[in-house]
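A.B. asks: quick one: sequence plus predicted model below, questions after.
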Amino acid sequence: MKECNKKNLEFYLCIVNNLLKIPQKIAEFCCGNGELSALIDRNHELEKIDLVDIIEVNKLPKNLKLIKSDFELHLDGVDSFKPEVNTLIISVHPCGELTDKIINIAIESRNSFAIMPCCYNSRMKKYDLLNPPSPKKLHYLSEKEYYDTFRIQYAKEKGFNVIKCQINPKITPMNNVLIGIPN
Ligand SMILES: C[S@@+](CC[C@H](N)C(=O)[O-])C[C@H]1O[C@@H](n2cnc3c(N)ncnc32)[C@H](O)[C@@H]1O
């Protein structure tokens, strides 16, 4: 495992340690090679892990073999999996609009989420907000902060407490982590 990716996942483990109500289910969207789920499984007793992606990435089978908890792999994409209540939703670097879809899945299922977005671009969802963030606040922000500010506001208006953490940008420049907990 590359050192930067390892640090990234360790940071995630800290977040999960704080959010998880044990025993609980976890759904990892855009799981890639499944390293994060394998790491969390090593550190927690979990009821179930659902891993969601659109393809089976090379190292996924190897990491799945390490998982001791009950798990299920869903390879039909984010739209095909609806988490049950009491599932912690996690995702590292779901590209562009996938972050928006995962936030909506968390909102609809009333589940806590911790998502580290990536690939900010103009195709992303334009949220229909009742109270848009202050233009002053948005004026000088990067595209990354602009979109994530909207995402945070959107989830707040849907009844979530939301905070943004940042991991060291040397680990990854796409370093925002959006954490939401239903009110
Ligand atoms: C940037 S990678 C991140 C992978 C992994 N989370 C990590 O941090 O290494 C994005 C992942 O999203 C997956 N993906 C792309 N489109 C998807 C979709 N519609 N539904 C679910 N996963 C998708 C890709 O196959 C890939 O594994």
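C.D. replies: That came through fine.

A.B. asks: where does the closest residue to residue 69 other than its chain neighbours sit: helix, strand or coil?
C.D. replies: Once flanking residues are discounted, residue 69 sits nearest to residue 46: 4.3 Å by C-beta to C-beta, 6 or more residues apart in numbering. C-beta here means a position set from N, CA and C on the backbone, and glycine is covered the same way. For residue 46, the secondary-structure state derived from DSSP: H, G, I helix; E, B strand; the rest coil is coil.

A.B. asks: tell me the pLDDT at residue 46?
C.D. replies: At residue 46, the predicted lDDT confidence score is 93.

A.B. asks: so it makes contact with residue 21?
C.D. replies: No - under the criterion of C-beta atoms under 8 Å, residue 46 is not in contact with residue 21, lying 11.1 Å apart.

A.B. asks: is residue 131 in a helix, a strand, or coil?
C.D. replies: Taking three-state DSSP, the label given to residue 131 is coil.

A.B. asks: correct me, but it touches residue 157?
C.D. replies: Yes - because the distance of 6.8 Å satisfies C-beta under 8 Å, residue 131 is recorded as touching residue 157.

A.B. asks: and the residue of the protein closest to the ligand?
C.D. replies: Of the residues in the chain, the one nearest the ligand is residue 32, at a distance of 2.8 Å by C-beta to the nearest ligand atom.

A.B. asks: burial measure for the closest residue to that residue other than its chain neighbours, as a count.
C.D. replies: For residue 32, ignoring the flanking residues on the chain, the nearest one in space by C-beta to C-beta, 6+ apart is residue 57 at 5.0 Å. Under the neighbour criterion other C-beta atoms under 10 Å, residue 57 is assigned a count of 14.

A.B. asks: burial of the spatially closest residue to residue 169 that is not a sequence neighbour, as a residue count?
C.D. replies: Sequence neighbours aside, residue 175 is the residue nearest to residue 169 in space, at 4.9 Å (criterion: C-beta to C-beta, 6+ apart). With neighbours defined by other C-beta under 10 Å, the count for residue 175 comes to 18.

A.B. asks: residue 146 too?
C.D. replies: Neighbours of residue 146 under the rule other C-beta under 10 Å: 17.
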